[in-house]
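Colleague: Generate coordinates for the sequence data below:
(chains A, B, C and D)
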Protein chains: 2
Amino acid sequence: MDVGELLRTEGYRLTPQRQMVWNALRAADGHLTAEQIHDEVTRIAPAINLASVYRSLSLLAQLGLVKEVQLGEGMGRWEVNHPDDKFHLVCRVCGRVDHHPGDLVERVRAHLSGEHNFSPEGIDLVVHGVCARCSPAQVAD
Amino acid sequence: MDVGELLRTEGYRLTPQRQMVWNALRAADGHLTAEQIHDEVTRIAPAINLASVYRSLSLLAQLGLVKEVQLGEGMGRWEVNHPDDKFHLVCRVCGRVDHHPGDLVERVRAHLSGEHNFSPEGIDLVVHGVCARCSPAQVAD
DNA sequence: GTATATGCAAAGTCTTTGCATCGTT
DNA sequence: AACGATGCAAAGACTTTGCATATAC
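Modeller: This is a model prediction of the structure:
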């Protein structure tokens, strides 16, 4: 995927800021707050303004390249918009966020369009709980 | 459910403000922003402070009576915490939010605890799309 | 060269908090 | 009387916006 080309096709410009926000998100494989993206980018390049990070994220979202996920109270995170809907497992103990690759989201989609006359466009499934490595049964490993 | 009794059991007091926040949420059957709850309460009673609404909601949430759901960007809503997990259908067109009563959430839970060593504690499933009454196929009703 | 994007700072929105006062037990 | 809760206003966190300058094309 060439971001620059896509941007230009839509009449936008490829700036270093946009490139770096995009790169940071891809490198991290998701789950970053706007602030974390800003830190990550600034760690590499001289300086980039937080406002520009927000603007870049909005634009990339509008182009369908990234999306924001609400993992809970004050947990707005940004990630690369993978075509195959995954869902999120948020561990209450270690705070880790994992993508779950199953077909659950697909099944939800099928269930809804089939029976209920609701046309699903976006499905957000967030599960809070305790992950395997933080679960008591696993402590003795 | 007697809120007053539960509050007192836990060492808190039943104040008119708390009572009215609780009543407003029950009457609306959910999906209210803090501001909407405030408006609703103030419409009936002389005056209640927004800060008190937030404090009441936090307390009720702590007691497990209500919970906050993130329906998307800037859409934090409060609702009565029903024991049976429902999920939310948010219509992009009319903005209506419906509870979906199916067993999908239960199935997600079973799926996760069975196969994946992740102990789910809370499952938030939010579906954005177009509801039956806003769907093109239904316009000719 | 020109229109777009950035940086900076200010404003906006939503939520929380400190503190004096009020009300319940 | 004592402790907790409220109201008010100020502060906080996060995000957006106006405007002058810089830059991609």
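
Colleague: ok, residues contacting the worst-scoring helix or strand of chain A on mean pLDDT?
Modeller: One helix or strand of chain A scores below all others by mean pLDDT, DSSP states H and E: helix A:104-115, with a mean of 76. Outside helix A:104-115, the residues that touch it by CB atoms under 8 Å, 6 or more residues apart in numbering or on different chains are A:85-87, A:118-120, A:123, A:125, B:89, B:100, B:102, B:104, B:108, B:111, B:125, B:127, B:129. All C-beta spots, glycine's among them, are computed from the backbone N, C-alpha and C.

Colleague: got the CA coordinates for the next helix or strand after it in CSV?
Modeller: As assigned by DSSP states H and E, the chain's next helix or strand after helix A:104-115 is strand A:119-130. Below are the C-alpha coordinates for strand A:119-130, written out as CSV (Å, rounded to 0.1, in the frame of the first residue of the first chain):
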residue,chain,number,x,y,z
SER,A,119,-27.1,-3.7,8.1
PRO,A,120,-23.9,-3.8,10.0
GLU,A,121,-21.1,-1.6,8.8
GLY,A,122,-18.7,-1.7,11.7
ILE,A,123,-18.5,-4.1,14.5
ASP,A,124,-16.5,-3.3,17.6
LEU,A,125,-16.0,-6.1,20.0
VAL,A,126,-14.0,-5.4,23.0
VAL,A,127,-13.5,-7.9,25.8
HIS,A,128,-12.1,-7.0,29.2
GLY,A,129,-10.8,-9.7,31.4
VAL,A,130,-7.6,-11.5,32.4
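
Colleague: Strand A:119-130 - which strands sit beside it in the sheet, and in what orientation?
Modeller: When sheet partners are counted by DSSP bridges, strand A:119-130 sits next to strand A:87-91 (parallel), strand B:119-130 (antiparallel).

Colleague: Stretch A:38-49 and DNA strand C in contact?
Modeller: Yes - Stretch A:38-49 is in contact with DNA strand C by CB under 7 Å from any atom of the strand, via A:47, A:48, A:49.

Colleague: hmm, which of the residues you listed are the buried ones?
Modeller: The neighbour-count criterion (16 or more other CB atoms under 10 Å in any protein chain shown) marks residue A:48 among those as buried.

Colleague: now the least confident helix or strand of chain A, how far from the chain's geometric center?
Modeller: 22 Å (CA atoms, centre = their mean, to the nearest Å).

Colleague: ok, now stretch A:63-78?
Modeller: Counting by CA atoms, centre = their mean, stretch A:63-78 comes out at 5 Å from the chain centroid.

Colleague: and it, does that touch chain B?
Modeller: Yes - judged by CB under 8 Å from any CB of the partner chain, stretch A:63-78 comes into contact with chain B at A:68, A:70, A:72, A:73, A:76.
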